[in-house]
Each structure stands twice: as structure tokens, then as C-alpha cells.
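> The following block contains a protein sequence and its predicted model.
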Amino acid sequence: MEESEKEIGVLRLQKKLKHWVVHNSEHAASFRKAAREADALGLAAVSIRLNEAAKRMDELSEILAAAEDALR
């Protein structure tokens, strides 16, 4: 693979990873909002699971951000 092809591939991966981190952050915020709504409805078990999903989404974002850092 030529150096320019590699550079293009790296830039493409960086762009995807950055997008996924932002996208995951948006999902995590939505999950937290839904968790508050569920809690207000007395659905504690649902709220707990939604908050756990948000936490895991944050963890995934950290992994993706580390992958992006590894490209630098």
C-alpha cells in the first residue's frame, strides 16, 4: 500500500471514530433522559437499565476515543 493510500485510510478512520464518539454521546444523553422519564413514571427497573446502558455507551466512547488516539 502506498503512503498516500495509508494516509487517506487513516484520515477516514479518524473521521469515523470521531463521529461514533459524538454519536454515542448523543445516544447516552437520550438514554439518561429516558431514564429520568421512566423514574418519574415509577419504573425504577427501567430507569436503572437505561442508566446502565448510558454508562456502557460512555465506556464504548472511551474505547473508540483511544482507538482514534492510536491513529495519531
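Structure received.

> Can you show me the helices along the protein?
Counting by DSSP state H, the chain has helices at residues 3-40, 44-70.

> In the last one, which residues are buried?
Within helix 44-70, the residues scored as buried using 16 or more other C-beta atoms under 10 Å are 47, 50-51, 53-54, 57, 61, 64, 68. For glycine as for every other residue, the C-beta is placed from the backbone atoms N, C-alpha and C.

> Same list (those residues) but as TSV, adding pLDDT.
Shown next, in TSV, are the buried residues of helix 44-70 (pLDDT from 0 to 100):
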residue	pLDDT
S47	99
L50	99
N51	99
A53	99
A54	99
M57	98
S61	98
L64	98
E68	97
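
> So the spatially most central residue of the chain versus L11, what's the distance?
Nearest to the mean C-alpha position of the chain, counting by C-alpha atoms, centre = their mean, stands N24 at 2.7 Å. According to C-beta to C-beta, to the nearest Å, N24 stands 21 Å off from L11.

> residues contacting E5?
With contacts defined as C-beta atoms under 8 Å, 6 or more residues apart in numbering, E5 has no neighbours.

> Look up how far R12 lies from it.
Separation of E5 from R12 (C-beta to C-beta): 11 Å.

> what's the answer for L50, then?
Distance, L50 to R12, using C-beta to C-beta: 33 Å.

> now do L60
On the measure of C-beta to C-beta, L60 and R12 end up 20 Å apart.

> and if you look at L43?
As defined by C-beta to C-beta, L43 lies at a distance of 42 Å from R12.

> Pick out whichever of those two has more residues nearby.
Using other C-beta atoms under 10 Å, the more surrounded residue of L43 and R12 is L43, with 14 against 10.

> Look up phi and psi at that one.
Main-chain torsions, L43, degrees, to the nearest 10: phi -100, psi 70.
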